[in-house]
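Novice: how would this look folded up:
(4 chains)
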4 protein chains.
Amino acid sequence: MVKVKDLKWKQDMRVSELVDSYEFIGFQSVELQRASEVIVKMKKDSAKVFLTFTSNMVTSGLRGFFAQLIELGIADVIVTTVGGLEEDIMKATGEDFQIGSFQTDDVELHEKGINRVGNLLIKNESYMNFESLIERILKKLYEKQKRWAVSEMLREIGLMLDDENSILYQAAKNNVPIFCPAITDGAFGFHLYLFQQDHPDFMVDVVKDFGNILFASSFDDRKGVIALGGSISKHHAILSTLLNGGAEYAVYMTTAHRTSGSMSGANTNEAKSWGKVKDESDVATVIGDVSITFPLAMIHALDELAEDGLLESLKKNNEDSGVVK
Amino acid sequence: MVKVKDLKWKQDMRVSELVDSYEFIGFQSVELQRASEVIVKMKKDSAKVFLTFTSNMVTSGLRGFFAQLIELGIADVIVTTVGGLEEDIMKATGEDFQIGSFQTDDVELHEKGINRVGNLLIKNESYMNFESLIERILKKLYEKQKRWAVSEMLREIGLMLDDENSILYQAAKNNVPIFCPAITDGAFGFHLYLFQQDHPDFMVDVVKDFGNILFASSFDDRKGVIALGGSISKHHAILSTLLNGGAEYAVYMTTAHRTSGSMSGANTNEAKSWGKVKDESDVATVIGDVSITFPLAMIHALDELAEDGLLESLKKNNEDSGVVK
Amino acid sequence: MVKVKDLKWKQDMRVSELVDSYEFIGFQSVELQRASEVIVKMKKDSAKVFLTFTSNMVTSGLRGFFAQLIELGIADVIVTTVGGLEEDIMKATGEDFQIGSFQTDDVELHEKGINRVGNLLIKNESYMNFESLIERILKKLYEKQKRWAVSEMLREIGLMLDDENSILYQAAKNNVPIFCPAITDGAFGFHLYLFQQDHPDFMVDVVKDFGNILFASSFDDRKGVIALGGSISKHHAILSTLLNGGAEYAVYMTTAHRTSGSMSGANTNEAKSWGKVKDESDVATVIGDVSITFPLAMIHALDELAEDGLLESLKKNNEDSGVVK
Amino acid sequence: MVKVKDLKWKQDMRVSELVDSYEFIGFQSVELQRASEVIVKMKKDSAKVFLTFTSNMVTSGLRGFFAQLIELGIADVIVTTVGGLEEDIMKATGEDFQIGSFQTDDVELHEKGINRVGNLLIKNESYMNFESLIERILKKLYEKQKRWAVSEMLREIGLMLDDENSILYQAAKNNVPIFCPAITDGAFGFHLYLFQQDHPDFMVDVVKDFGNILFASSFDDRKGVIALGGSISKHHAILSTLLNGGAEYAVYMTTAHRTSGSMSGANTNEAKSWGKVKDESDVATVIGDVSITFPLAMIHALDELAEDGLLESLKKNNEDSGVVK
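Specialist: The predicted model follows:
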């Protein structure tokens, strides 16, 4: 039995020391420390790691952190929604987003041509620049081939970018596939539609991409899911690992609760019903805002992996495997 | 200024009386009463109504209620996720779901071949029956044509069913299009993939369907969004109405809060930034479980529309318009 | 096993019909229907019912509903916080509260002399009227005796009021004790302090009142707790029933979740650990805003009790018992 | 305008570096960084700081952290609930609490004589040891005087303890008063009652203590409130600073949302209505589990205060002032 231990401050405490002490505090801090350990376990066990996040997290400064995790070889598969990918491209091409407030006069913002995502602000201008860019991108893609599976198209776009903080760039460079099961649910979808009007033989093949995510891991692989937020990103990762026998490890970080029966609020207890999770120490559900909780859990995990000399080898290993061909 | 008024019970109170009294109680009850009034306004103003819901709501007994709303001419456009459509088909073909508990031994459930969605239970058997059915459905679709926009495919499936409590059936029968921007994110996706392996010219065209949702309303239409839960269903409806100049009316019902910056938690205050909402009385955000709040708001709205003799005409009007051709 | 059943609207549905149908919908609606049944069980089993609520609920229009429940003999013991009692007195003496909005300019409200509780508004004037009243009340109490247990003082105040929608009035008239373990945590506390400065022998005896709540039920009584919201109101009712061996029935309605380990979020699962709850059907936890959920559950329970001819006898029975002497 | 900046991991990052980077991430991380800065501002501005927390936080390992904050001179006034104080005494006298799980068989725990608070476990034995201790404590108090204001009684108990991780001990030693407006709402209340039965002249004077908290700060003092969780602890601190003209600084950390109109969910926006908050940079509301968020914000603040050489002087300053006489 683990005893509750009193937290004590000392100057210049490291993040990893704090997360270590969370194990003994109680409530969600205990879950967070375990989440960090489950991530370390996934990596040490060479599990295929599915990292999922929602669009708003890419709006935030977590975007470069996700890119770095891909670069460091932490994630083998990414699942996300199209809004985040659009914003990743905007940022990669020089657009800046601002910190605002949850409590604002939205009519006034509208008149200034500013869009709000929680307490983050995006100028209309940034969208317009994106839209002129996306036309050129689609032309290039079309010249190469007419029919694209989504993840293959996203990889191609990543190769066109040049920003080490970009998720698309790092994923393409490190052969990590990005799956986006609702590719049309954004400005990108509108431009795909306009482009297809002029080029009726241009096709986005979502069905083929289901095969790609299916073969991104196998029945024999050990698998881990790190799901940040809910939505179809989380569901799609769980679905595709389940079709390969289920994940051995699962970390869910979300603000949603199980009481509404939503996918966002489904906790890792259900993961035990997949039949492969060995025990409680292989899963963790952390209730809280991912902008706070994920950096904590991940920094602790990275520090531990680095200390054990595993970060470099993970990265190398990943480069050799070539998940997307 | 509206005064707080004390609620008083009297025997055999009607739902509509209770919702009327909510206007004077406070907190979320006030929002719920306004949500109901906004729905009535949408309909009286002949707005195109986009109704969105998440998969777990179709797992629940709200499914037949959604079907009835379509039959009554309340919704002009449906946006949802594929899991719900799968379960609508299961139920239409005789499968029963059970009420369970949030607190269960998930390992034991797994051994019994039972899946849990919150406090609802689905037998593996129901999925297997669905899967054998879906193969036959895909064959029939393929015989008709090789390339399908998602909403057109869903309409065709609806025409194959015969259950007045089915969403797909009522939508097909009443010319209400169902959009599902992530059609592969479920068992259906897996079967689409298997089918395409054998029939490489079989194509699901998600890009074309973006045009369909775009033309399901026009810039000149007044538009209303009723978004139950969050996820891409909500986002897709907002996106497509925004591209046509924004909705005049919006009702969001969700358990998520704005503080995490997620789409699920975005409230109707943002709707004011679309520039078309005239005032506070045209939007409402109700925080709470949709299984409780939506029936309340909707029953009150239906009673009011029925009393004004508007339900029949709405239905008739809808039958004439033929949204999906 | 209970099957999920599709909800269907029919005109002029009664609240009780809707709550009946909740049993078959799923998620929190199922919990709400059970909560209603547990309340009926408590009453049919002649359990001592502890009803607890927080201050903000008395700010709302639930206040007259609570008064009515006391009048109807539903509650045997009330536990609440002092803010609500102050507002009950304000309303009983003619003050009106207004419905406002969650999203307001609080600086502007302050300048207008208006206080906000969520989306409810209270004028400073109402507080000032209360304060001049409370001085006279304290004088009368002091003339009667120098040392007061809290519930005895509240009963005396109730007898001074004349408003059938008042909680204090109905409780005094129907011999239902009101416990308020933090009687100084409000404007009332400030005036008690000022009064004691001039009358040093004036004493409020909170310790004696612990005995009063302890003897409001006995070890042999069957006991039920209906806790609306959290806070010390909920805790105090649980504590005092536990000291008498624990409650057989418990209904918790709250917006808080168990994941933070707070009293507000503690669910009725823990009630099973008291050793007296027989099974799952005797407890229910409903997550949601009490302004919506409590009227639903309670109206259904009242209709059922009325139909069985039990409401009148409950009331009579209560009048005979004379809980507070 | 502050730009969103991408978070980047580097090895052995300090907590303060992470919290610094939160300013640029978005959503609750931005609020958390501001909360930390508001705490620093309070201290630099020599404001009287009211620190409030709920009982469950003392069950957790935050207890020793609160004691350390008192020792370091961070808090001038403590407001809390009695359950936490009981557990502080248990821990100070050698009882250990355990880390358990949110998902447990509560009936089984009951049979083993174990109580659960979220995912923390307390043995019945620990309560029994506390109860035998409290009898001796009350005897000593009674020998000294018959009538006790709550904070004076708590100070006396603190002086009887000898544990530097104890809140009561550090508060007594550093002349920081602890207010507990509902002193009877726990096992302590029961023992006060039993003791008073045998010693009818033993009185707990809650009314006098209202004067004590009122004079713990003055109209002329600058004041800051750090409210962790909600409940009467939070309300009592706000009330007593309001009666002295309102606080200039406020940090609320909670899992509750404003949408239910509860005290727990009231955010610092309302603080602006007190008329003394100068601008947005003096208040912060952080939604999240305090076991995670408070250490982060506070460690960052302590590091900053230590770096500026202010920690020692704060402590000294506090020792000189002698808040409780």
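
Novice: interface residues of the stretch 51-200 of chain A facing chain B?
Specialist: Neighbours of chain B within the stretch 51-200 of chain A, by Cβ under 8 Å from any Cβ of the partner chain: A:54-56, A:59-60, A:81, A:83, A:102, A:106-107, A:109-110, A:115-120, A:181-186, A:189-190, A:192-193, A:196-197. C-beta coordinates here come from the backbone N, C-alpha and C atoms, glycine included.

Novice: which ones among these are found in helices?
Specialist: Taking DSSP state H, the ones among those that sit in helices are A:55-56, A:59, A:83, A:106-107, A:109-110, A:189-190, A:192-193, A:196-197.

Novice: return the member of these nearest to B:V19.
Specialist: Nearest to B:V19 out of those is A:D106 (Cβ to Cβ; 27.6 Å).

Novice: pretty sure that closest one contacts B:E270?
Specialist: Yes - assessed by Cβ atoms under 8 Å, A:D106 is found in contact with B:E270 at 5.7 Å.

Novice: more crowded one of those two?
Specialist: B:E270 (23 against 20; other Cβ atoms under 10 Å in any protein chain shown).

Novice: ok, that one - contacts?
Specialist: Taking Cβ atoms under 8 Å, 6 or more residues apart in numbering or on different chains as the contact definition, B:E270 lies against A:106, A:116.

Novice: and it, what pLDDT?
Specialist: B:E270 is assigned a predicted lDDT (pLDDT) of 71.

Novice: between the ones in helices among the residues of the stretch 51-200 of chain A next to chain B, which is nearest A:S231?
Specialist: Among those, and counting by Cβ to Cβ, the member closest to A:S231 is A:S55, at 8.4 Å.

Novice: could you point out the longest helix of chain A?
Specialist: helix A:124-144.

Novice: what residues does it touch?
Specialist: Here helix A:124-144 has contacts from A:86, A:89-90, A:93, A:95-97, A:113-115, A:148, A:153, A:156-157, A:160, A:187-188, A:191-192, A:195, A:199, A:202, using Cβ under 8 Å, 6+ apart.

Novice: excluding chain neighbours, what is closest to whichever residue of the stretch 51-200 of chain A sits closest to chain D?
Specialist: Using Cβ to the nearest Cβ, the closest approach of the stretch 51-200 of chain A to chain D is made by A:G64 at 2.3 Å. Closest residue in space to A:G64, ignoring its immediate chain neighbours: D:D6 at 2.3 Å, by Cβ to Cβ, 6 or more residues apart in numbering or on different chains.

Novice: my guess is the one you found contacts A:A67. True?
Specialist: Yes - the pair D:D6 and A:A67 qualifies as a contact (Cβ under 8 Å) at a distance of 7.5 Å.

Novice: more neighbours: which of the two?
Specialist: A:A67 (27 against 21).

Novice: what sits against the more buried one?
Specialist: A:164-167, A:169-170, D:6.

Novice: from C:T104, how far out is the residue of the stretch 51-200 of chain A found nearest chain C?
Specialist: Shortest the stretch 51-200 of chain A-to-chain C distance, computed as Cβ to the nearest Cβ: residue-wise this is A:Q103, at 7.6 Å. Separation of A:Q103 from C:T104 (Cβ to Cβ, to the nearest Å): 10 Å.

Novice: and A:N115, by the same measure?
Specialist: A:N115 sits at a distance of 23 Å from C:T104 (criterion: Cβ to Cβ).

Novice: how about A:L214?
Specialist: 52 Å.

Novice: could you do A:K315 as well?
Specialist: Relative to C:T104, and taking Cβ to Cβ, A:K315 is found at 52 Å.

Novice: secondary structure class for the residue nearest to A:G64?
Specialist: coil (DSSP: H, G, I helix; E, B strand; the rest coil).
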